[in-house]
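Engineer: How does the following fold in three dimensions:
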Amino acid sequence: MKQNNMIAMILAGGRGSRLHALTNKVAKPAVSYGGKYRIIDFPLSNCANSGIDIVGVLTQYESILLNSYVAAGRRWGLDAVNSGVYVLPPREKADSDLDVYRGTADAISQNIDFVDTYDPEYVLILSGDHIYKMNYAKMLAAHKECKADATIGVIEVPMKEASRFGIMNTNDTGRIVEFEEKPEHPKSNLASMGIYIFDWKLLRQMLTEDMVNPDSHHDFGKDIIPRLLNEGKNVYAYKFKGYWKDVGTIDSLWEANMDLLDKNNELDLSDPTWKIYTEDVATLPQYVGPEADISKAFITQGCVIEGTVKNSVLFTGAKVGLNAQVIDSVLMPGVVVEDGAVVQRALVADNVTIKKGAVVGSADSEHIELVANDVKGGE
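Structural biologist: Predicted coordinates:
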């Protein structure tokens, strides 16, 4: 069912600094994932599958590739009449050329005119850098049923990890009574997913006032949500059950890819009822050589494997040479592991070459090694 009374705004301007070299020249939402996808494919596909026709993507940091990628709305079926994906770069410059939105709320404030063009009853605001599948139409239905002014998507996290998130404390009806940002001693384990539905008229008024408030951080978590609660507005939690991953670090991005090796993984990228759409890259089928040894691997089209691949994920066009070993690793698009090289517990960035006989990563390392540059061969 089409959700013509709700449009979506995807916040896709984060720097992704904890992903280090992966985001030096590419915005975090444009980082590759899952063999052939980009992170931004997930919220965009969720919008398309949920019947949302109009999507604004708010970009800023290293956005050239991301802008051109999302502008092709046809990938997600959002290029028909009365639908579309619109790239919305910042209109104003703040103190730093690399931080032109003052906060998440300011990103929406600068695009009030865009939202007003469609005169929606509701606005869905999403983070553009999480991996998950979600039906936003069901969240909107819950929002309406509760007669909420705002609804926040939440997911239950282990109590020992709750202090890493924005935590929602609710009453028995699911109404949020308190919001705590990364509390040292959390009272609940309901973590914000960065997914919000607002009644647009109310949010518009609050954003207009927030824009001129010199004491505001211009942020949803720090300013807008606390103000809603302080003023006694109806703010409800919408509990999401399913796979959701914040891929903000090298370790978590590696983990999200490795999750695909589980046959029963909740994400299930092959589910025909909830497709994740992406760029259709023309490439040859994968080739497995006669001496190849493969076990528990996720292999994408265009890969050439002549060596050993175990418990690993290989993206489009990755190559593994004779007697080479790739173990517990993620090879991003175009990676070449030459003859005799060894890659273990590593994430290798796009188009990197591991030369003959080189060894990267270690089976004993606590963290995953990011390999962002070509590695010289062994002596």
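Engineer: Name the surrounding residues that touch the helix ranked longest in the chain.
Structural biologist: Longest helix of the chain, by residue count under DSSP state H: helix 200-211. With contacts defined as CB atoms under 8 Å, 6 or more residues apart in numbering, helix 200-211 is touched by 105-106, 108-109, 112, 115-116, 120-123, 149-150, 216, 218, 223-224, 227-228, 233. Any C-beta I mention is one placed from the backbone N, CA and C, and that applies to glycine too.
Engineer: Residue 357 and residue 340 touch, don't they?
Structural biologist: Yes. Checked against CB atoms under 8 Å, the pair residue 357 and residue 340 is within contact range at 4.7 Å.
Engineer: Any buried residues in stretch 169-183, and which?
Structural biologist: Neighbour counts over stretch 169-183 (16 or more other CB atoms under 10 Å) mark 170, 174, 176, 179-180, 183 as buried.
Engineer: Report the contact partners of residue 167.
Structural biologist: For residue 167, counting by CB under 8 Å, 6+ apart, the contacting residues are 179-183, 186-192.
Engineer: any chance of the buried residues of stretch 169-183 in TSV, plus pLDDT?
Structural biologist: Shown next, in TSV, are these (pLDDT from 0 to 100):
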residue	pLDDT
170	95
174	94
176	96
179	92
180	90
183	90
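Engineer: Make TSV from these and add distance to residue 156 and secondary structure to it.
Structural biologist: As requested, the buried residues of stretch 169-183 are exported to TSV (distance: CB to CB, whole Å; DSSP: H, G, I helix; E, B strand; the rest coil):
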residue	distance to residue 156	secondary structure
170	12	strand
174	13	coil
176	15	strand
179	16	strand
180	15	strand
183	16	coil
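Engineer: got the residues you listed as JSON lines, with distance to residue 239 columns?
Structural biologist: What follows is the buried residues of stretch 169-183, written out as JSON lines (distance: CB to CB, whole Å):
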{"residue": "170", "distance to residue 239": "9"}
{"residue": "174", "distance to residue 239": "8"}
{"residue": "176", "distance to residue 239": "12"}
{"residue": "179", "distance to residue 239": "16"}
{"residue": "180", "distance to residue 239": "17"}
{"residue": "183", "distance to residue 239": "19"}
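Engineer: which other residues reach the helix-or-strand element of the chain with minimal mean pLDDT?
Structural biologist: When the helices and strands of the chain are scored by mean pLDDT, DSSP states H and E, helix 64-70 comes last with a mean of 79. Helix 64-70 is contacted by residues 12, 25-27, 29-30, 38, 40, 44, 57, 59, 85, 87, 89, 279 when judged by CB under 8 Å, 6+ apart.
Engineer: Any chance of a PyMOL selection covering the buried ones in those?
Structural biologist: Provided next is the PyMOL selection string for whichever of the contacts of helix 64-70 are buried by 16+ other CB under 10 Å:
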select buried, resi 12+26+27+29+30+38+40+44+57+59+85+87
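Engineer: The contacts of helix 64-70 in helices, which ones?
Structural biologist: residue 44.
Engineer: Okay, and which of the contacts of helix 64-70 map to strands?
Structural biologist: 38, 57, 85, 87 (DSSP state E).
Engineer: returning to what we had before: which ones among the contacts of helix 200-211 lie within helices?
Structural biologist: Per DSSP H, the contacts of helix 200-211 map to helices at 105-106, 108-109, 112, 115-116, 227-228.
Engineer: Tell me which stretches of the stretch 51-200 of the chain form strands.
Structural biologist: Applying DSSP state E, counting those that start in this stretch to the stretch 51-200 of the chain gives strands spanning 54-58, 84-88, 122-127, 130-132, 150-156, 166-170, 176-181, 190-199.
Engineer: partner strands of the second one, parallel or antiparallel?
Structural biologist: Sheet pairing of strand 84-88 (DSSP bridges) gives strand 54-58 (parallel).
Engineer: Give me the contact list for the strand it pairs with.
Structural biologist: Against strand 54-58 from outside (CB under 8 Å, 6+ apart): 7-13, 40, 44, 47, 66, 70, 73, 78, 83-90, 101, 107-108, 111, 114-115, 118, 120, 128.
Engineer: Drop anything exposed from these.
Structural biologist: Using 16+ other CB under 10 Å as the burial test, those include 7-13, 40, 44, 47, 66, 70, 73, 78, 83, 85-88, 90, 101, 107-108, 111, 114-115, 118, 120, 128 as buried.
Engineer: how about low-confidence regions in the stretch 1-150 of the chain?
Structural biologist: 1-4, 15-18, 72-73, 79-82, 91-99 (pLDDT under 70).
Engineer: hmm, 50 instead?
Structural biologist: Judged by pLDDT under 50, the stretch 1-150 of the chain has its weakly predicted residues at 1, 94, 96-99.
Engineer: Once you drop chain neighbours, what's closest to residue 253?
Structural biologist: residue 247 (4.4 Å; CB to CB, 6 or more residues apart in numbering).
Engineer: Return the distance of residue 287 relative to residue 279.
Structural biologist: Computed as CB to CB, to the nearest Å, the residue 287 to residue 279 distance reads 22 Å.
Engineer: next one: residue 203
Structural biologist: The value you get for residue 203 to residue 279, if CB to CB is used, is 33 Å.
Engineer: Then residue 214?
Structural biologist: Relative to residue 279, and taking CB to CB, residue 214 is found at 43 Å.
Engineer: Check residue 158 too.
Structural biologist: 35 Å.
Engineer: cool, residue 299 as well?
Structural biologist: Taken as CB to CB, the span from residue 299 to residue 279 is 19 Å.
Engineer: How about residue 185?
Structural biologist: 45 Å.
Engineer: do residue 197 as well
Structural biologist: Applying CB to CB to residue 197 and residue 279 gives a distance of 29 Å.
Engineer: For residue 228, grab the count of nearby residues.
Structural biologist: 22 (other CB atoms under 10 Å).
Engineer: surely residue 71 meets residue 85?
Structural biologist: Yes. Counting by CB under 8 Å, residue 71 touches residue 85, with 6.9 Å between them.
Engineer: returning to that earlier point: and the ones in strands among the contacts of helix 64-70, which is closest to residue 272?
Structural biologist: residue 38 (20.9 Å; CB to CB).
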